[in-house]
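J.: Predicted model follows, preceded by the sequence.
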Amino acid sequence: MPVLADEVDEQKCLVCWWPIGSSGDRILLWVSVDARERRICEGYSGVSPIRQFYDSEGVPLRIDGPPEEPATAWRSQRARVRSWLESLPDPDWAGATRCGLWDVTSLVRHLASGSQFLGYTLHRGAAGTATTLLQGFDPHATVQAAAAMLGEMTPAAAREAMAAMDAAVDRELETMARAGWSTMAEAPPGQLPAHLSVNHFLFDSWVHEYDLMVPRGERPYVDVREASVVVRYLLGLASVTTASETPLDVRLCDPEIRVGVDVANGQVRVAPSVPSRAAVLEGRLVDVVDRATGREAGPIDGDQRALAVLDTFGALLAG
């Protein structure tokens, strides 16, 4: 099993390409061994199905707002999910989620795995090295295999793993706050400032909170700050990933949030102000998030150019 993030250093991490099936394809995994970080890529090009950025500039995404906001939102959202999981009876952990391949236990194992990676990339970034472990990332195969590395889990073990990984992330967030949120770290789109790395894993966790609760007829509590942080990142990421040239004016309700997405010279900037000639989207926040992530969603009104950004990105995630 990979070690906790605060126990990881450059002597203890091996990156490898793991074979899947009989096709000869390989996926990216990282495991704890006594070896320096390196890449074994024989037999696979390492090309990700999503756009990734590992040049000197990193991911061309800028989000206006206090850089500490994602960390604050991460802590509150994860605490809420852990509390809900503590109250979920053990027999219900075999129940379905909105992720077709995962029951509750499997999805929580994924949440623990994501937290583990977040802690690791923040740890290395604060030490002066931006990781490159996710080059060739596949939104399906990589995440499934990385979660599987944690092994089969009982509900109690899954709760414990998630709590332990999250505690390790909390320590790394404190370290990163001192190092500076502009320090480079990593997430599936590539290398990016640490606050955006946190934002990515918050976005993933926030969506999966719905995946856990909706099949049970429940809805998560909506914290406006969390929702704003998540949807701003999601809209920016969708524009970057789809190479969109369409500026957006996104008008959300439940809660009421307005987001502008500007695109210029290959750079995406997300801000409260709305760029000129922006394509308009209007709908409930949860419906916009669901549609952008390839899930069944309620009605959304808008310009076809704006809807195309959501649908193209959603198709990439849905596979």
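T.: Nice, I can see it. Being a predicted model, the structure only gives us computed values, none of them experimental. Numbering: from 1, shown residues only.
J.: contacts and neighbour counts: CA atoms only from here.
T.: Will do.
J.: Extract the residue ranges of the protein that are flagged as low pLDDT.
T.: 1-48 (pLDDT under 70).
J.: mind listing the helices in it by residue range?
T.: With helices called from DSSP state H, the chain shows them at 69-87, 104-126, 141-148, 155-179, 194-213, 224-241, 285-292, 304-318.
J.: Among those, show me which one is buried the most.
T.: Among these, helix 104-126 has the highest mean neighbour count (mean count of other CA atoms under 10 Å), at a mean of 25.
J.: Tell me which other helices or strands that one touches.
T.: Packing contacts for helix 104-126, counted by 3 or more CA pairs under 8 Å, 6 or more residues apart in numbering; DSSP states H and E, involve helix 141-148, helix 155-179, strand 184-187, helix 194-213.
J.: redo that, cut-off 10 Å
T.: Contacts defined by 3 or more CA pairs under 10 Å, 6 or more residues apart in numbering; DSSP states H and E place helix 104-126 against helix 69-87, helix 141-148, helix 155-179, strand 184-187, strand 190-193, helix 194-213.
J.: Tell me which other helices or strands the fourth one touches.
T.: Using 3+ CA pairs under 10 Å, 6+ apart as the contact definition, the elements that strand 184-187 packs against are helix 104-126, strand 190-193, helix 194-213.
J.: Bridge partners for Asp249, pull those for me.
T.: Gly260, Val280 (DSSP bridges).
J.: Now do the same contact list for it.
T.: 258-262, 272-282, 302-303, 306 (CA atoms under 10 Å, 6 or more residues apart in numbering).
J.: Next one: it from Thr154, what distance?
T.: 45 Å (CA to CA, to the nearest Å).
J.: Likewise for Val229?
T.: Distance from Val229 to Thr154, by CA to CA: 32 Å.
J.: now do Ala145
T.: If you go by CA to CA, the gap between Ala145 and Thr154 works out to 18 Å.
J.: residues contacting the nearest residue to Pro70 once chain neighbours are set aside?
T.: Computed as CA to CA, 6 or more residues apart in numbering, the closest residue to Pro70 that is not its neighbour in sequence is Asn199, at 5.2 Å. For Asn199, the contacting residues are 67-71, 73-74, 187, 193, 205, 226, 229-234, by CA under 10 Å, 6+ apart.
J.: can you check Asp254 too?
T.: Counting by CA under 10 Å, 6+ apart, Asp254 has contacts Val222, Val224, Ala227, Gly283, Arg284, Leu285, Val286, Asp287.
J.: wait, the fifth one sits on Pro299?
T.: To tie it back to what came earlier, the one meant is Arg284. Yes: proximity of Arg284 to Pro299 meets the contact threshold set by CA atoms under 10 Å, at 8.3 Å.
J.: which one of the two has more residues nearby?
T.: Taking neighbours as other CA atoms under 10 Å, Arg284 and Pro299 compare with Arg284 leading, 20 against 12.
J.: Next one: the more buried one from Val250, what distance?
T.: From Arg284 to Val250 the distance is 10 Å (CA to CA).
J.: Now do the shared contacts for the two.
T.: Joint contacts of Arg284 and Val250 (CA under 10 Å, 6+ apart) are Ile257.
J.: What is the neighbour count of Thr242?
T.: Thr242 has 17 nearby residues by other CA under 10 Å.
J.: my read: it touches Ala292, true?
T.: No: Thr242 is not in contact with Ala292 according to CA under 10 Å; the separation is 11.5 Å.
J.: Quick check: neighbours shared by these two?
T.: Ala308, Val309, Leu310, Asp311, Thr312, Phe313, Leu316.
J.: just the residues you listed now: which is nearest Gln267?
T.: Val309 (15.5 Å; CA to CA).
J.: was I right about the closest one contacting Ala292?
T.: Yes: using CA under 10 Å, Val309 makes contact with Ala292 at a distance of 8.0 Å.
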